[in-house]
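*Asks:* mind looking at a prediction? Sequence and model below.
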Amino acid sequence: MNRKIFIYAGLAVLLVLFAFGSLYTPKTDVVQTVEMQGNLVSEKEFADSLLENNRMLTTLDYVIVIIYAVVIVALGLFASRTKKGHEKDEKDYFLAGKSLPWWVVGSSLIAANISAEQFIGTSGSGFAIGLAIASYEWMSALTLIIVGKYFLPIFIKEGIYTIPEFVEKRYNRTLKTILSVFWLALFTFVNLTSVLYLGARAMSAIIPGLDLIHCILILAFFAAAYSLWGGLSAVAWTDVVQVVCLTFGGIITTIVAVDKVGGLGTMVAQFPSHFEMILGPENPEFSNLPGIGVLLGGMWVANLYYWGFNQYIIQRTFAAKSLAESQKGIAFAAVLKMIMPVIVVLPGIAAYILFQDGKINMPVNENGGIINDSAYSVLIGFLRPGLRGVAFAALLAAVVSSLASMINSISTIFTMDIYKEYIGKNASSRKLVTIGRIAAVVSLLIGVAIAPLMKNMSQGFQYIQEYTGLVSPPILAVFLLGLFWKKTTTKGAIVGVIVGTLFSLGIKIFSNAVPSAGLPFMHQMGVTCLVTLAVIAAISLIENRGKDNKKFIVLEKGLFKTHSAFNVIAFGVIIVLCALYAVFWNSSTIRTVFKLDETQIKERIIETPKAGQTAAEAVAAGETTEVSVSEIQAVPAE
């Protein structure tokens with residue numbers, strides 16, 4: 001039995017199971033018709049309210065989740081098996097033997113990307129901010145096209161295992177080591193821990209009796225069960241099933257949530273401001289998504305770094321059969337990215353409207369701020385038995401697939417760029433695979449230990465973006481100039497990284513200390529990247545007196561030529577993006593396109609705003625009112 005047959009069998013089992021869960025109607029409706037009141041409550045009161053309203057998993061839901069878990073682990077172990085007489089080497093473990101077809105590459109890219117910070121964090125940001133947070137998803141689709149056309153051909157041509165390996169080829173070993181250590185720290189202490197925490201928090205809210213620590217341990221064990229043994233091959237092939245699960249379950253949750261508030265038309269009609277893509281300076285969330293700067297500024301820094309130079313994302317494309325297969329996979333991922341806001345943003349907006357209408361509770365943390373990331377957990381409670389299991393399996397698929405991807409990339413970087421380079425220079429393939437597994441276990445243990453410390457985080461997605469944004473601008477500058485400017489020198493790159501990182505920290509500290517004079521963090525990323533580019537260019541020109549660097553990348557004629565299918569998808573993505581932003585640009589365009597009745601629009605406004613006060617703080621303080629948009633008057637802040 002080959003991998004494809006096993007994949008199809010696994011998908012068939014899960015689809016039949018999910019279909020049964022979707023169509024199953026219990027003899028007695030265990031969901032009470034009495035709605036929860038829209039209050040701000042403690043986390044314990046929030047969990048108790050879900051339990052009292054019978055919005056937890058039933059036996060059927062647990063059966064669905066357990067079968068899903070068994071199928072995933074079995075598939076991962078089967079897909080990563082080695083042929084008789086062949087011992088798994090580093091190419092098999094870290095690059096899946098360079099055998100992945102385009103549909104596995106594309107699915108794995110999305111599965112690695114869509115994790116707890118999307119399902120939980122982006123839904124939480126959808127609750128707090130609205131559709132504007134979808135810019136991360138939609139602009140990512142365009143970024144993927146750019147990466148596939150201009151970055152990937154160079155990486156594939158160089159035949160690398162890791163992004164740090166490219167740094168050594170273009171610059172030197174020292175810079176490679178610096179960035180390797182940085183990525184190991186970032187993936188372990190920010191990405192891995194935040195995904196564990198967000199997934200565990202959702203899990204603990206849905207399953208009574210399981211505290212945060214137990215949920216973190218369960219998720220870590222689940223991810224390790226198949227990824228530690230199978231490596232990237234196990235991760236990538238199971239990601240195909242994971243993407244089907246998270247998409248199917250996510251769409252079901254969205255349909256139920258949107259229906260609960262009266263349909264998408266009602267959502268737009270009553271709260272058009274929550275569907276704005278470009279926020280104005282008066283919006284309390286402007287500091288997170290600063291208007292037109294989203295399209296022209298720092299978001300490009302975040303997206304190009306994430307999709308182009310992030311090891312646990314780009315590693316899948318290195319494992320494709322060929323450059324053409326890799327580019328097809330990226331195009332497929334871009335198409336999937338366009339529909340992701342339907343799954344990860346709309347549920348948060350629906351939860352916001354349900355809260356405004358007094359139909360759900362929302363918890364607050366120890367500091368009194370609304371825990372926006374609880375929105376998705378609330379919505380799963382609205383599903384009937386069977387559907388809850390499907391939605392919960394989708395959530396698990398998102399979390400576990402990303403955890404598996406992260407620990408595999410951590411093990412790849414540590415083994416190939418640290419251990420093999422400095423410790424085991426003559427290590428056998430078997431030894432390298434063993435070291436990779438040990439590195440993965442250690443990173444998971446660190447993540448498990450640190451994840452509980454993040455309990456006062458209100459918007460997980462914004463947390464990840466902001467702290468990754470401290471270091472991504474200088475690294476992006478190093479790669480852009482290293483790829484496309486022949487004169488870039490190693491000294492210029494090293495000085496640029498140091499100056500850029502210090503500048504980024506400085507501007508971050510200043511903005512936090514003086515909010516009124518500070519820059520939104522997305523602008524901080526854009527400015528930092530420009531400063532770093534200037535520093536690298538200046539040092540390089542001075543050092544080599546304008547001459548080309550000897551280690552520049554040779555860009556052969558025809559290197560960036562792409563297949564017609566790739567080009568069609570690229571143009572399609574651009575056209576759809578233009579249409580979406582034209583319709584949802586701001587409240588005015590939304591009112592015009594949808595011909596809204598002004599008297600039906602409901603908004604939450606701050607009656608007595610205070611300097612520096614956020615919308616969440618105002619709601620927590622009870623300083624809001626619900627009025628018709630025609631009654632809203634501008635009230636100056638104190």
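*Replies:* That came in fine, so what should we check first?

*Asks:* any low-confidence regions in this protein?
*Replies:* Counting by pLDDT under 70, the chain contains low-confidence ranges at 1-56, 80-97, 116-117, 208, 365-368, 455-467, 516-518, 597-638.

*Asks:* show me the longest helix that occurs in it.
*Replies:* Criterion DSSP state H: the longest helix present in the chain is helix 212-260.

*Asks:* next helix or strand past that one?
*Replies:* Per DSSP states H and E, the first helix or strand lying C-terminal to helix 212-260 is helix 264-270.

*Asks:* which element follows that following helix toward the C-terminus?
*Replies:* Taking DSSP H and E, what comes next after helix 264-270 is helix 293-296.

*Asks:* ok, L179 touching E168?
*Replies:* No: assessed by C-beta atoms under 8 Å, L179 is found out of contact with E168, at 9.6 Å. The C-beta positions use only the backbone N, C-alpha and C, and glycine is treated the same way.

*Asks:* compare those two (neighbour count), which wins?
*Replies:* L179 (27 against 20; other C-beta atoms under 10 Å).

*Asks:* buried residues in the host helix or strand of that one?
*Replies:* Using DSSP H and E, L179 falls within helix 173-186. Across helix 173-186, burial judged by 16 or more other C-beta atoms under 10 Å covers 175-180, 183-184, 186.

*Asks:* so what does it touch, helix or strand wise?
*Replies:* helix 163-170, helix 387-413, helix 472-484, helix 490-513 (3 or more C-beta pairs under 8 Å, 6 or more residues apart in numbering; DSSP states H and E).

*Asks:* among those helices, which comes closest to V104?
*Replies:* Among those, helix 387-413 comes nearest to V104, with 12.7 Å by C-beta to C-beta.

*Asks:* distance of the residue of the chain positioned farthest from its centre from T489?
*Replies:* Farthest-out residue of the chain from its mean C-alpha position, per C-alpha atoms, centre = their mean: R545, at 42.4 Å. With distances taken as C-beta to C-beta, to the nearest Å, R545 is found 11 Å from T489.

*Asks:* go on, F166?
*Replies:* 16 Å.

*Asks:* so for the two, which sits in the more crowded spot?
*Replies:* For F166 and T489, the more surrounded residue by other C-beta under 10 Å is T489, and the numbers stand at 25 against 22.

*Asks:* spatially nearest residue to that one (excluding sequence neighbours)?
*Replies:* S540 (4.4 Å; C-beta to C-beta, 6 or more residues apart in numbering).

*Asks:* and the helix or strand where that neighbour lies, what does it pack against?
*Replies:* Assigned by DSSP H and E, S540 belongs to helix 521-544. Using 3+ C-beta pairs under 8 Å, 6+ apart, the elements in contact with helix 521-544 are helix 293-296, helix 298-309, helix 472-484, helix 490-513.

*Asks:* rebuild those helices as CSV, extending it with mean neighbour count and distance to I418.
*Replies:* Listed next are the helices and strands packed on helix 521-544 as CSV, based on neighbours: other C-beta atoms under 10 Å; distance: least, C-beta to C-beta, whole Å:
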stretch, mean neighbour count, distance to I418
helix 293-296, 16, 36
helix 298-309, 23, 18
helix 472-484, 23, 18
helix 490-513, 18, 18
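
*Asks:* count the neighbours of the spatially closest residue to G496 that is not a sequence neighbour for me.
*Replies:* With sequence-adjacent residues excluded and distances taken as C-beta to C-beta, 6+ apart, G496 is closest to I536, at 3.7 Å. I536: 29 surrounding residues under other C-beta under 10 Å.

*Asks:* and I536, how far is that from Q311?
*Replies:* 22 Å.

*Asks:* ok, now S287?
*Replies:* Using C-beta to C-beta, S287 is found at 30 Å from Q311.

*Asks:* again with S472
*Replies:* Relative to Q311, S472 is positioned 13 Å away (C-beta to C-beta).

*Asks:* one more: L483?
*Replies:* L483 sits 16 Å away from Q311, taking C-beta to C-beta as the criterion.

*Asks:* could you do Q242 as well?
*Replies:* Separation of Q242 from Q311 (C-beta to C-beta): 19 Å.

*Asks:* who's more crowded, these two?
*Replies:* Neighbour tally, Q242 and Q311, criterion other C-beta under 10 Å: the higher count belongs to Q242, 30 against 26.

*Asks:* residue contacts, the more buried one?
*Replies:* 72, 107, 111, 397-398, 400-401 (C-beta atoms under 8 Å, 6 or more residues apart in numbering).

*Asks:* the same query, at a cut-off of 6 Å, please.
*Replies:* 111, 397, 401 (C-beta atoms under 6 Å, 6 or more residues apart in numbering).

*Asks:* helix or strand for A111, which one?
*Replies:* If you go by DSSP H and E, A111 is part of helix 102-113.

*Asks:* what's in contact with that helix?
*Replies:* Here helix 102-113 makes contact (C-beta under 6 Å, 6+ apart) with 236, 239-240, 242-243, 313, 316, 320, 325, 328-329, 332-333, 336, 401-402, 405.

*Asks:* please tell me how far A351 sits from G265.
*Replies:* The value you get for A351 to G265, if C-beta to C-beta is used, is 18 Å.

*Asks:* er, S429 I mean
*Replies:* 59 Å.

*Asks:* okay, the two: which has more neighbours?
*Replies:* Legend: neighbour count by other C-beta under 10 Å for S429 and G265, higher for S429 (14 against 11).

*Asks:* and F189, how many neighbours does it have?
*Replies:* 15.

*Asks:* please apply the same query to the one 5 residues further on.
*Replies:* For S194, the number of neighbouring residues by other C-beta under 10 Å comes to 25.

*Asks:* measure it to T468 for me?
*Replies:* 10 Å.

*Asks:* can you pull the phi/psi pair for M362?
*Replies:* phi -130, psi 140 (degrees, to the nearest 10).

*Asks:* show me the beta-bridge partners of it.
*Replies:* Per DSSP bridges, the residues bridged to M362 are L40.

*Asks:* from Q270, how far off is it?
*Replies:* From M362 to Q270 the distance is 18 Å (C-beta to C-beta).

*Asks:* do N586 as well
*Replies:* Counting by C-beta to C-beta - N586 and Q270 are separated by 17 Å.

*Asks:* over to L480?
*Replies:* 44 Å.

*Asks:* ok, L596 next?
*Replies:* 9 Å.

*Asks:* equivalent analysis for A351, please.
*Replies:* Using C-beta to C-beta, we find A351 at a distance of 14 Å from Q270.

*Asks:* which one of these two has more residues nearby?
*Replies:* Comparing A351 with Q270 by other C-beta under 10 Å, the one with more neighbours is A351, at 28 against 19.

*Asks:* neighbours around the closest residue to the more buried one other than its chain neighbours, how many?
*Replies:* Leaving out its chain neighbours, the residue that sits closest to A351 by C-beta to C-beta, 6+ apart is A375, at 3.7 Å. Using other C-beta under 10 Å, A375 is surrounded by 29 other residues.

*Asks:* quick one: A375 and G121, what's the gap?
*Replies:* Taken as C-beta to C-beta, the span from A375 to G121 is 10 Å.

*Asks:* hang on, the earlier thing: contact partners for the residue nearest to G496?
*Replies:* Per C-beta under 6 Å, 6+ apart, neighbours of I536: 481, 492-493, 496.

*Asks:* now it: how far from L480?
*Replies:* 9 Å.

*Asks:* cool, I539 as well?
*Replies:* From I539 to L480 the distance is 15 Å (C-beta to C-beta).

*Asks:* what do you get for G558?
*Replies:* 22 Å.

*Asks:* go on, F332?
*Replies:* When F332 is compared with L480 (using C-beta to C-beta), they lie 25 Å apart.

*Asks:* cool, G280 as well?
*Replies:* For G280, the distance to L480 - C-beta to C-beta - is 31 Å.
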